[in-house]
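In: Provide a 3D model corresponding to the input given below.
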Amino acid sequence: MNKTRGTDRYRQHEGKEEELRVTDRRRIRLDDDADGTAAAPAEEPNLQPAYVEELEARARGAEQKMLEVQSRFEQLRSQLQRETDETRQRLNRAADERAERQKVEFIAALLPVMDNLQRAIAAAAEGSPREAVVDGLKGTLASFNAALMATGAEPIPSVGEQFNPELHDAVDTLPVDAGKDGIVTGEYTTGFKIGDRLLRPARVQVGRAQ
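Out: Numbering: from 1, shown residues only. Coordinates of the predicted model:
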């Protein structure tokens with residue numbers, strides 16, 4: 001009977017240990033699951049591919065913008081070159097037309113001079129008085145000077161002016177007082193200029209103090 005009771009206590013004791021083991025295993029498994037959930041780090045999304053894609057998109061956009069700007073620049077350059085060529089051609093035509101018009105006007109202004117010379121020659125051949133021939137020649141000279149003035153040419157002042165080697169060509173000298181040294185005393189041919197451009201210098205005589 002004592003053996004039987006001992007066996008029962010042993011079985012009861014063994015059953016308690018098994019129940020404790022089961023309970024302990026369940027607790028350990030739950031704790032492990034809880035700890036694993038809390039300790040596991042959250043996975044961060046990988047942003048590198050999206051960032052690279054954004055950079056590539058920006059690069060493509062910048063390249064497209066550059067191509068558009070370059071195309072626009074080429075169009076403007078071609079347009080400017082075309083307008084420049086057209087302006088140059090228009091200015092050249094205008095200059096040619098102006099030169100042709102001035103030439104025609106100058107020739108037309110010289111025709112009366114030719115007419116006066118022909119009348120003077122005819123008058124001299126017919127034995128007209130000397131005074132009439134001289135008056136005809138003076139009229140011819142006046143017509144010729146008027147034609148020169150119409151082109152913008154003007155005579156260079158000489159007699160009584162200070163000798164200027166840029167405008168006067170000294171042919172000879174004339175002894176004069178000290179107060180007239182370097183003064184033009186005579187003119188052999190009239191000089192002409194257009195604006196600041198010298199057509200020909202005046203051939204003059206210059207006073208030189210002894």
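In: For the rest of this, base every contact and every neighbour count on C-alpha atoms.
Out: Will do.
In: any idea how the protein splits into domains?
Out: Per automatic domain parsing, the structural domains of the chain span 74-151, 154-210.
In: Please tabulate the ones you listed in TSV, including the columns mean neighbour count, distance to residue 52 and mean pLDDT.
Out: Below are those laid out as TSV (neighbours: other CA atoms under 10 Å; distance: least, CA to CA, whole Å; pLDDT from 0 to 100):
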stretch	mean neighbour count	distance to residue 52	mean pLDDT
domain 74-151	14	33	88
domain 154-210	17	72	94
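In: what's near enough to touch residue 184?
Out: Listed by CA atoms under 8 Å, 6 or more residues apart in numbering, the contact partners of residue 184 are 158-163, 204-207.
In: Kindly confirm my reading that it forms part of a helix.
Out: No - the assignment for residue 184 by DSSP: H, G, I helix; E, B strand; the rest coil gives strand, which leaves it out of any helix.
In: To residue 58, which of the domains of the chain lies closest?
Out: Among the domains of the chain, the nearest to residue 58 by CA to CA is domain 74-151 (24.1 Å).
In: and that closest one, how far from the chain's centre?
Out: Its chain's C-alpha centre and that of domain 74-151 lie 37 Å apart, by CA atoms, centre = their mean, to the nearest Å.
In: quick one, longest helix in this structure?
Out: Using DSSP state H to define each element, the chain has its longest helix at helix 48-125.
In: one step back: could you dump the domains of the chain into CSV with distance to residue 64 added?
Out: Listed next are those as CSV, based on distance: least, CA to CA, whole Å:
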stretch, distance to residue 64
domain 74-151, 15
domain 154-210, 58
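In: Of all those domains, which one comes closest to residue 63?
Out: Nearest of the domains of the chain to residue 63, taken as CA to CA: domain 74-151 at 16.4 Å.
In: which other helices and strands contact whichever helix or strand comes after the longest helix of the chain?
Out: Using DSSP states H and E, the next helix or strand after helix 48-125 towards the C-terminus is helix 130-150. Helix 130-150 is packed against helix 48-125, with contacts defined by 3 or more CA pairs under 8 Å, 6 or more residues apart in numbering; DSSP states H and E.
In: picking that back up, the longest helix of the chain packs against which elements?
Out: Checking 3+ CA pairs under 8 Å, 6+ apart, helix 48-125 ends up next to helix 130-150.
In: Report the inter-axis angle for the helix it packs on versus helix 48-125.
Out: Following axes from the mean of the first three to the mean of the last three CA atoms, to 10 degrees, one obtains 180 degrees for the angle between helix 130-150 and helix 48-125.
In: Need the residues that contact helix 130-150.
Out: Residues outside helix 130-150 that contact it (CA under 8 Å, 6+ apart) are 106, 109-110, 112-114, 116-117, 119-120, 123-124, 154.
In: Please consider this matter closed, and thank you.
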